[in-house]
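K.L.:
predicted model and sequence below, questions to follow.
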Amino acid sequence: MDIQNAIRRLSDSIKLKTVSNQIYSTIETKPFLDFQIFLETSFPGIHENLEKKVINSYSLLYKWPGKNSESEPIAFLAHYDVVPVEPGTKKDWLFKPFSGEIADGFVWGRGTLDMKGALMAIMEAVEKLLNDNFSPERTIYLAFGHDEEIGGTHGALHISNYLKKQGIRFSYTLDEGMAIIKKEISPSQSPLGIIGVAEKGYVSLKLETKSQGGHSAIPPFKTAIGALCKAMNRLEKNQMPARLTSPISDFFKAIGPRLPIQRKLLFANKWIFKHLILYLLGKSDNTNAMIRTTAAPTMMQAGIKENVLPCYANLLINFRILPGDSIKKVIKHVKKTITNDSINIQICKDIVSEPSPISSSKSKGFLNIQKTIRRIFPDTLVAPGLVSGTTDSRHYSKISDNCYRFTPFVFGPDDTRRIHGTNERISIDNYVHGIQYYIQLIKNSSANY
């Protein structure tokens, strides 16, 4: 493998500003077309040997026919759109956000981690295998969406609908979602690879109310802003019930032998210590999100001037929905908790998703992903997990019972905040291991069925 050229190609991919704006119609489309051309010139073997289809103008679907047509195919998912750089933060980047700078052992820029790094690693792996005259036993699809950052409804959803019409069902799909965390931040006190077997649902609710306006010098006893603040306070104090879903139970079962003795005792006897376990997990932001549907106030709008009482105010609350809960249950909980009929509740339609089905952690697909992690990243403990964010995977659950979410990159203490944040970067070592991982996974998936 020509590592230097692979790094250069990743760098060049970052320079193409494939930015997803929140309003789809305002997206600048030329960089997306340029990215398609870039892939064609960078990976000639793929474009000569794989069948390529452009879906809805910008999303890409490649088919690598396998030798055994009786075997169910597999699919590697990725997206090549990126989030914008937050206004006012460009000065805080060590290198320009779309420079693709190669420095200090890293490739820098928006999309290196989320998720052009993985997409390019997949392409490098397939190109290398083609150059080595490798032919997979089963058909492999590469499905690359162009609008994951705003819901994937124009990209991944269209791809999955197309595949469903073709009668395609996958043995498994693999997308982003989880990664390998270093032992310094791992609860298992060892490197931990987490394979997402499900993802939480997503809905944002707009709470809006009206009240008497007028001069702030003579305020009424109840104001629009006050009503919404009271509602939010009630929701923060009265969260939806905590539960140990199967992905989280299986997660702690997998890492249990590596936990400190006190925690090991608790999780070895969940039927006795269930309430204590939920209490302890609920004390941390990170683990609290693993056991319940969360509510996060993200936007509030009201008022036009400091001494004018607003007649109208609205509050946006983002919910990440635990498997077993639903959008309907969330709305019921909100109404019951805020106890204020004057507050109107609306669903924001931009991104709406119920919790995904839970994929098996005993399937051949999961076991192959696990085996490959252990091969490329020795001494890494592997466990199933629940993804708190949303991915394109949820659009594929109708054509596969096993949708997994794992990217073969190692994350340290300050890496996760770089995703969608300032100074996003990927280490060259991480990227090279990622390519090696996809090469090995394709070989394992071909041989072990």
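P.N.:
Structure's in. What do you need?

K.L.:
would you map the helices across the stretch 151-300 of the chain?
P.N.:
Using DSSP state H, counting those that start in this stretch, the helices found in the stretch 151-300 of the chain span residues 156-165, 224-237, 246-255, 261-268, 270-281, 285-291.

K.L.:
what is the neighbour count of the closest residue to Thr223 other than its chain neighbours?
P.N.:
Once flanking residues are discounted, Thr223 sits nearest to Ser211: 5.4 Å by C-beta to C-beta, 6 or more residues apart in numbering. The C-beta positions use only the backbone N, C-alpha and C, and glycine is treated the same way. Ser211 has 20 neighbouring residues, counting by other C-beta atoms under 10 Å.

K.L.:
Ser211 contacts Lys222, correct?
P.N.:
Yes. Using C-beta atoms under 8 Å, Ser211 is in contact with Lys222, at 6.3 Å.

K.L.:
please parse this protein into its domains.
P.N.:
3-198+357-447, 200-353 (automatic domain parsing).

K.L.:
can you redo the ones you listed as a markdown table with mean pLDDT?
P.N.:
Shown next, in a markdown table, are these (pLDDT from 0 to 100):
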| stretch | mean pLDDT |
| --- | --- |
| domain 3-198+357-447 | 96 |
| domain 200-353 | 93 |
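
K.L.:
looking at those, which is buried most?
P.N.:
domain 3-198+357-447 (a mean of 20; mean count of other C-beta atoms under 10 Å).

K.L.:
please list all residues in contact with the spatially closest residue to Ser13 that is not a sequence neighbour.
P.N.:
Nearest non-adjacent residue to Ser13, counting by C-beta to C-beta, 6+ apart: Lys116, 5.0 Å away. Lys116 makes contacts with 10, 13-14, 80, 82, as judged by C-beta atoms under 8 Å, 6 or more residues apart in numbering.

K.L.:
same check on Pro257?
P.N.:
Taking C-beta under 8 Å, 6+ apart, one finds Lys264 in contact with Pro257.

K.L.:
repeat that for Ser171.
P.N.:
71-74, 138, 364-365, 400, 402, 449.

K.L.:
same question for Gly214.
P.N.:
The neighbours of Gly214, taking C-beta under 8 Å, 6+ apart as the test, are 220, 308-309.

K.L.:
measure the closest residue to Asp415 other than its chain neighbours to Phe409 for me?
P.N.:
Closest residue in space to Asp415, ignoring its immediate chain neighbours: Leu113 at 7.3 Å, by C-beta to C-beta, 6+ apart. Going from Leu113 to Phe409 by C-beta to C-beta, to the nearest Å gives 7 Å.

K.L.:
got any residues that touch both of these two?
P.N.:
Ile426.

K.L.:
and the strands in the stretch 251-400 of the chain?
P.N.:
According to DSSP state E, counting those that start in this stretch, the stretch 251-400 of the chain carries its strands in the segments 294-302, 308-309, 312-321, 344-353, 381-387.

K.L.:
list of residues touching the second one?
P.N.:
Meaning strand 308-309. Strand 308-309 has contacts (C-beta under 8 Å, 6+ apart) with 211-216, 219-220, 223-224, 303.

K.L.:
tell me the strands beside it, with direction?
P.N.:
Sheet partners assigned to strand 308-309 using DSSP bridges are listed as strand 214-215 (antiparallel).

K.L.:
centre of the chain to the partner strand, how far?
P.N.:
Relative to its chain's centre, strand 214-215 lies at 46 Å (C-alpha atoms, centre = their mean, to the nearest Å).

K.L.:
repeat that for stretch 333-352.
P.N.:
The chain centroid and the centroid of stretch 333-352 are separated by 26 Å under C-alpha atoms, centre = their mean.

K.L.:
which residues are contacting that stretch?
P.N.:
Residues contacting stretch 333-352 (C-beta under 8 Å, 6+ apart): 22, 150-151, 202-210, 227-228, 230-231, 234-235, 238, 240, 316-317, 327, 331, 390.

K.L.:
same check, this time on stretch 312-319
P.N.:
Outside stretch 312-319, the residues touching it (C-beta under 8 Å, 6+ apart) are 201-211, 224-225, 227-228, 231-232, 235, 293-303, 330, 334, 348.

K.L.:
stretch 31-46 now?
P.N.:
By C-beta under 8 Å, 6+ apart, stretch 31-46 touches 9, 12-13, 16-19, 47, 54, 58, 60, 62, 80-81, 123-124, 126-127, 130-131, 146.

K.L.:
follow-up on the earlier one: so the residue nearest to Asp415 sits in a helix?
P.N.:
No. Secondary structure of Leu113 (DSSP: H, G, I helix; E, B strand; the rest coil): coil, not part of a helix.

K.L.:
same for the top helix by length along the chain, what does it pack against?
P.N.:
Among the segments of the chain that qualify as a helix by DSSP state H, the longest is helix 428-447. Contacts defined by 3 or more C-beta pairs under 8 Å, 6 or more residues apart in numbering; DSSP states H and E place helix 428-447 against helix 3-14, strand 106-108, helix 116-131, helix 364-376.

K.L.:
keeping just the C-alphas, turn it into PDB.
P.N.:
Provided in PDB are the C-alpha atoms of helix 428-447 (Å, rounded to 0.1, in the frame of the first residue of the first chain):
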ATOM      1  CA  ILE A 428      -1.900   9.300  10.100                       C
ATOM      2  CA  ASP A 429      -1.500   6.100  12.200                       C
ATOM      3  CA  ASN A 430      -5.300   6.000  12.800                       C
ATOM      4  CA  TYR A 431      -6.000   6.400   9.000                       C
ATOM      5  CA  VAL A 432      -3.500   3.700   8.000                       C
ATOM      6  CA  HIS A 433      -5.000   1.300  10.600                       C
ATOM      7  CA  GLY A 434      -8.400   2.200   9.300                       C
ATOM      8  CA  ILE A 435      -7.400   1.100   5.700                       C
ATOM      9  CA  GLN A 436      -5.900  -2.100   7.100                       C
ATOM     10  CA  TYR A 437      -9.100  -2.800   9.000                       C
ATOM     11  CA  TYR A 438     -11.400  -2.500   6.000                       C
ATOM     12  CA  ILE A 439      -9.100  -4.700   4.000                       C
ATOM     13  CA  GLN A 440      -9.100  -7.400   6.700                       C
ATOM     14  CA  LEU A 441     -12.900  -7.100   7.300                       C
ATOM     15  CA  ILE A 442     -13.600  -7.600   3.600                       C
ATOM     16  CA  LYS A 443     -11.400 -10.700   3.600                       C
ATOM     17  CA  ASN A 444     -13.000 -12.000   6.800                       C
ATOM     18  CA  SER A 445     -16.500 -11.400   5.500                       C
ATOM     19  CA  SER A 446     -15.700 -13.200   2.300                       C
ATOM     20  CA  ALA A 447     -14.100 -16.200   4.000                       C
END
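
K.L.:
next, the angle helix 116-131 makes with it.
P.N.:
50 degrees (axes from the mean of the first three to the mean of the last three C-alpha atoms, to 10 degrees).

K.L.:
report the inter-axis angle for helix 428-447 versus helix 364-376.
P.N.:
Going by the same axes, to 10 degrees, helix 428-447 makes 140 degrees with helix 364-376.
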